[in-house]
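Visitor: Below: sequence and its predicted model.
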Amino acid sequence: MSETSIAPGRWLTIIGIGEDGPAALGEHAKRLISEAPVVYGGARHHTLMASLVQGQQLDWASPFERSVAEIVARRGTPVVVLASGDPFLYGVGATLSRHVPADEILTIPAPSSFSLAASRLGWALQDVASVSLHGRPIELLYPHLHPGRRIIALTSDAETPAQLAALLCSQGFALSKIHVLEALGGSRERIRQQLAEYFDLDDIDPLNVCALEIEGAADARVIGFASGLDDRFFEHDGQLTKREHRAITLSALSPCYGELLWDIGSGSGSIAIEWMLRHPSLKAIAVEQSGERAQRIARNAANLGVPTLAVVEGRAPEALENLPRPDVIFVGGGGSEDGVMDAALAALKPGGRIVANGVTLEMEAKIMALHAAIGGSMTRIEISRVAAIGQMTGWRPAMPVTQWCWTKE
């Protein structure tokens, strides 16, 4: 029985290729490419596979979704898609599999850029932070900047390595080593390295990967793993859930894989930002009625490495209409306004959690009434810090916070 006949229903074939073109492909993959009536890929892919392709060559359309629709429309007839490296690691395979069932796809992967880079440097890939900056904000790197950390980053173009050097220097990591790995696996392969502080490499191939060995100065800006970042990390106008209250609140919110948080009355965005920092799968929408604060939230999110935080400028409850339904809700500001808590409770998914912090008597009365009516838990949070009292020191209490937590049945 031939390989092709093992799964006759797999009409869509995704083949990962490297810079060495057909040389690294097996005979089965070569035959599938040469026999395909239509082959999709980027211009570079078509150039690399020109000696094999006999059918129609189609470049990716813009927007990309147009090509996806064309491929789906060809369902049942042979289609080959050429991809870079491993199609299911930041690749086209993950996109196509959202539209085509897995049992209709045959995938033949090649080594990813991450694997090639790790093998060239002798790094254990499981111990490396793998980050894609290809078409994504460079700020995504911030949470990974810890002394001693190794990072492999996919880049967008020849300018990205210098941008990474500037970013590292701005955060106190000027002594970090940057390895620039160009055209891995091909005849043009080249590997160079420099310290971020002195980075001046030129003539960089647009097809490059950067590997970083992070070294920080004493004042380097490290975004720690624990909830409750120092307040100095956030730009704010006083509307900030303070560090200790934030840590307790994040614990009460209990982030779980893939959940969406609504942060209503977001202020500086600190809760939504720290929620997203807990895991890359977590999403959040910060709802804030002040335009100035909404802009500040976006800046804080970018500066702390979660630039994909969605910021909605508007007044609750009206601003909550038509938002994706949340798994978890935090109400920090404006919860005492008419209709806000009712709208939040109605929007929450079954099994979802809501945490509301009350500082004012009005908000405290609102959540105490909800506690009496539908249950949940109530906690009083009182924090004192040592502060100067004349020429001596003493405990200066922060405003107490009443916290209500409830799970929807």
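Guide: That came through fine.
Visitor: Quick check on L304: phi, psi?
Guide: phi -110, psi 10 (degrees, to the nearest 10).
Visitor: where does the closest residue to it other than its chain neighbours land in three-state SS?
Guide: Nearest non-adjacent residue to L304, counting by Cβ to Cβ, 6 or more residues apart in numbering: I273, 5.3 Å away. Bear in mind the C-beta positions are built from the backbone N, C-alpha and C, glycine included. At I273, secondary structure determined by DSSP: H, G, I helix; E, B strand; the rest coil is helix.
Visitor: Show me which residues of stretch 129-146 are buried.
Guide: Of the residues in stretch 129-146, 129-133, 136, 138-146 count as buried by neighbour count, 16 or more other Cβ atoms under 10 Å.
Visitor: now that stretch: mean pLDDT?
Guide: Taken as a whole, stretch 129-146 carries a mean pLDDT of 96.
Visitor: And stretch 39-48, by the same measure?
Guide: Stretch 39-48 carries an average pLDDT of 95.
Visitor: now do stretch 207-220
Guide: Here stretch 207-220 scores 97 as its mean pLDDT.
Visitor: Just the terminal-to-terminal distance for that stretch.
Guide: End-to-end distance for stretch 207-220: 30 Å, by Cα to Cα, to the nearest Å.
Visitor: Centre of the chain to it, how far?
Guide: Using Cα atoms, centre = their mean, to the nearest Å, the mean C-alpha position of stretch 207-220 is found 19 Å from that of the whole chain.
Visitor: Buried residues of it, list them for me.
Guide: For stretch 207-220, a neighbour-count test (16+ other Cβ under 10 Å) marks 207-216, 220 as buried.
Visitor: With stretch 21-38 instead?
Guide: Buried residues in stretch 21-38, counted by 16+ other Cβ under 10 Å: 21, 25, 29, 32-34, 36, 38.
Visitor: Which of the residues you listed fall in helices?
Guide: 29, 32-34 (DSSP state H).
Visitor: Using JSON lines, lay out these together with distance to A347 and pLDDT.
Guide: Below are these laid out as JSON lines (distance: Cβ to Cβ, whole Å; pLDDT from 0 to 100):
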{"residue": "A29", "distance to A347": "49", "pLDDT": "95"}
{"residue": "L32", "distance to A347": "48", "pLDDT": "95"}
{"residue": "I33", "distance to A347": "49", "pLDDT": "96"}
{"residue": "S34", "distance to A347": "54", "pLDDT": "95"}
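Visitor: So the residue nearest to L304 sits against N300, correct?
Guide: Yes. Assessed by Cβ atoms under 8 Å, I273 is found in contact with N300 at 6.0 Å.
Visitor: neighbour count winner among these two?
Guide: I273 (27 against 24; other Cβ atoms under 10 Å).
Visitor: State the distance from E197 to M378.
Guide: Distance from E197 to M378, counting by Cβ to Cβ, to the nearest Å: 52 Å.
Visitor: More neighbours: which of these two?
Guide: The neighbour count for E197 versus M378, taken as other Cβ under 10 Å, is higher for M378 (17 against 12).
Visitor: Give the residue spans of the stretch 101-250 of the chain that score low on pLDDT.
Guide: Counting by pLDDT under 70, the stretch 101-250 of the chain shows no low-confidence range.
Visitor: Spell out, range by range, the strands that occur in it.
Guide: Remark: strands assigned in the stretch 101-250 of the chain by DSSP state E, counting those that start in this stretch are 105-108, 129-132, 150-154, 177-182, 190-195, 208-213.
Visitor: To H279, which of the ones you listed lies closest?
Guide: Closest approach to H279 among the strands of the stretch 101-250 of the chain is made by strand 129-132 (13.6 Å; Cβ to Cβ).
Visitor: on that earlier part again, mind putting the strands of the stretch 101-250 of the chain into JSON lines with distance to A247?
Guide: Compiled in JSON lines, the strands of the stretch 101-250 of the chain are given as follows (distance: least, Cβ to Cβ, whole Å):
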{"stretch": "strand 105-108", "distance to A247": "43"}
{"stretch": "strand 129-132", "distance to A247": "24"}
{"stretch": "strand 150-154", "distance to A247": "27"}
{"stretch": "strand 177-182", "distance to A247": "34"}
{"stretch": "strand 190-195", "distance to A247": "36"}
{"stretch": "strand 208-213", "distance to A247": "29"}
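Visitor: For S254, find the nearest of those strands.
Guide: With Cβ to Cβ as the yardstick, what comes closest out of the strands of the stretch 101-250 of the chain is strand 129-132 (24.8 Å).
Visitor: For A69, grab the count of nearby residues.
Guide: Quick note: A69 (other Cβ under 10 Å) scores 11 neighbours.
Visitor: cool, and the one 4 residues further on?
Guide: The burial metric for A73, expressed as a neighbour count using other Cβ under 10 Å, is 8.
Visitor: Quickly note the distance from it to Q57.
Guide: Counting by Cβ to Cβ, the gap from A73 to Q57 is 18 Å.
Visitor: mind listing what the residue lying closest to E259 once chain neighbours are set aside touches?
Guide: Once flanking residues are discounted, E259 sits nearest to D327: 4.0 Å by Cβ to Cβ, 6+ apart. Contact partners of D327, counting by Cβ atoms under 8 Å, 6 or more residues apart in numbering, are 256, 259-261, 349, 352-353.
Visitor: phi, psi of F225?
Guide: Phi and psi for F225, reported as degrees, to the nearest 10, are phi -80, psi -20.
Visitor: Which residue, neighbours along the chain excluded, lies closest to A344?
Guide: That would be I329: by Cβ to Cβ, 6+ apart, it lies 5.1 Å from A344.
Visitor: So which residues make contact with whichever strand or helix holds the one you found?
Guide: Taking DSSP states H and E as the definition, I329 sits inside strand 328-331. In this structure, residues lying in contact with strand 328-331 by Cβ under 8 Å, 6+ apart are 249, 253-255, 259-265, 271-272, 275, 340-341, 344, 347-348, 352-357.
Visitor: So which of those residues belong to helices?
Guide: Going by DSSP H, the helices hold 249, 253, 271-272, 275, 340-341, 344, 347 from those.
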